[in-house]
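> sequence and predicted model, in that order:
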Amino acid sequence: MIDDMQTVPERLVAFLPNLRRFAISICHSRELADDLVQTACERAILAADSFVPGSRFDAWMFRILRNLWIDQLRRQKTAGPHDELEEARDVSVPSGEAASLARMDLLEVTAALQKLPDEQREVLVLVCVEELSYRDAAEVLSIPIGTVMSRLARARKNLAEMTGISFGEKRSSDTKRGVA
């Protein structure tokens, strides 16, 4: 748990992996994500006075990073076309058949995740990967909590369809209520 007495730069050091993971998920490029994270850290340090101790540091940082990304997308629209950077696929796994299959599954899920619409991918990453609550994700994305829930449901459904995941006939929630 993060101590409320920690400064923003101290909190940033511990939070960098999460911030980078979210940046990669929204911009599809490790190099671009690193630049985005660096700029977000600079902004956070310069705006450290605006962080309210006791509030969610992760939500504050995700909002800064997302706003920077939106600004960059707007600049790109006015700047014209650009070349796409190749996706880095340097996942390190132990050798063997199981590792090869796991890597193939990971690549399939990664490819499917990138095919999701931006609004679904953002919600999925914030809630399922970064473990933000629906309320915190809604705050980061500046949308109602109901929109977070519907986008997340659509993202999960679309991801399952693209990866061939089948949920079968019975859902766990039906079983829990005694419905068979």
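Alright, I've got the coordinates.
> and the gap between the most centrally placed residue in the chain and residue 5?
Central residue of the chain (Cα atoms, centre = their mean): residue 125, 3.1 Å from the mean position. Residue 125 sits 30 Å away from residue 5 when distances are taken as Cβ to Cβ, to the nearest Å. C-beta coordinates here come from the backbone N, C-alpha and C atoms, glycine included.
> what about the protein, any weak spots by pLDDT?
Scanning the chain with the threshold set as pLDDT under 70 gives 1-4, 79-95, 167-180.
> quick one, longest helix in it?
helix 57-79 (DSSP state H).
> does anything pack onto that helix? Which helices or strands?
helix 8-27, helix 30-46, helix 134-141 (3 or more Cβ pairs under 8 Å, 6 or more residues apart in numbering; DSSP states H and E).
> any idea of the angle the helix or strand just after the shortest one forms with helix 134-141?
So that's helix 134-141. Counting by DSSP states H and E, the next helix or strand C-terminal to helix 134-141 is helix 145-163. Helix 145-163 runs at 90 degrees relative to helix 134-141, counting by axes from the mean of the first three to the mean of the last three Cα atoms, to 10 degrees.
> buried residues in helix 145-163?
148, 151, 152, 154, 155, 156, 158, 159 (16 or more other Cβ atoms under 10 Å).
> isn't the third one right up against residue 129?
No. Under the contact definition of Cβ atoms under 8 Å, residue 152 does not touch residue 129, with a separation of 11.9 Å.
> show me what contacts the residue nearest to the residue nearest to the centre of the chain when sequence neighbours are not counted?
Spatially, and ignoring its direct neighbours in sequence, residue 125 is nearest to residue 25 (4.2 Å; Cβ to Cβ, 6 or more residues apart in numbering). Shown in contact with residue 25 (Cβ atoms under 8 Å, 6 or more residues apart in numbering): 113, 121, 122, 125, 129.
> now do residue 145
By Cβ under 8 Å, 6+ apart, the contact set of residue 145 is 134, 135, 138.
> top of those residues by neighbour count?
residue 138 (21 neighbours; other Cβ atoms under 10 Å).
> how close does it sit to residue 108?
Taken as Cβ to Cβ, the span from residue 138 to residue 108 is 30 Å.
> now do residue 165
10 Å.
> can you get me a residue count around residue 33?
So residue 33, with other Cβ under 10 Å, has 21 neighbours.
> burial count for the closest residue to it other than its chain neighbours?
The shortest distance from residue 33 to any non-neighbouring residue, by Cβ to Cβ, 6+ apart, is to residue 23 (3.7 Å). Counted with other Cβ under 10 Å, the neighbours of residue 23 add up to 25.
> many thanks, we can stop here.
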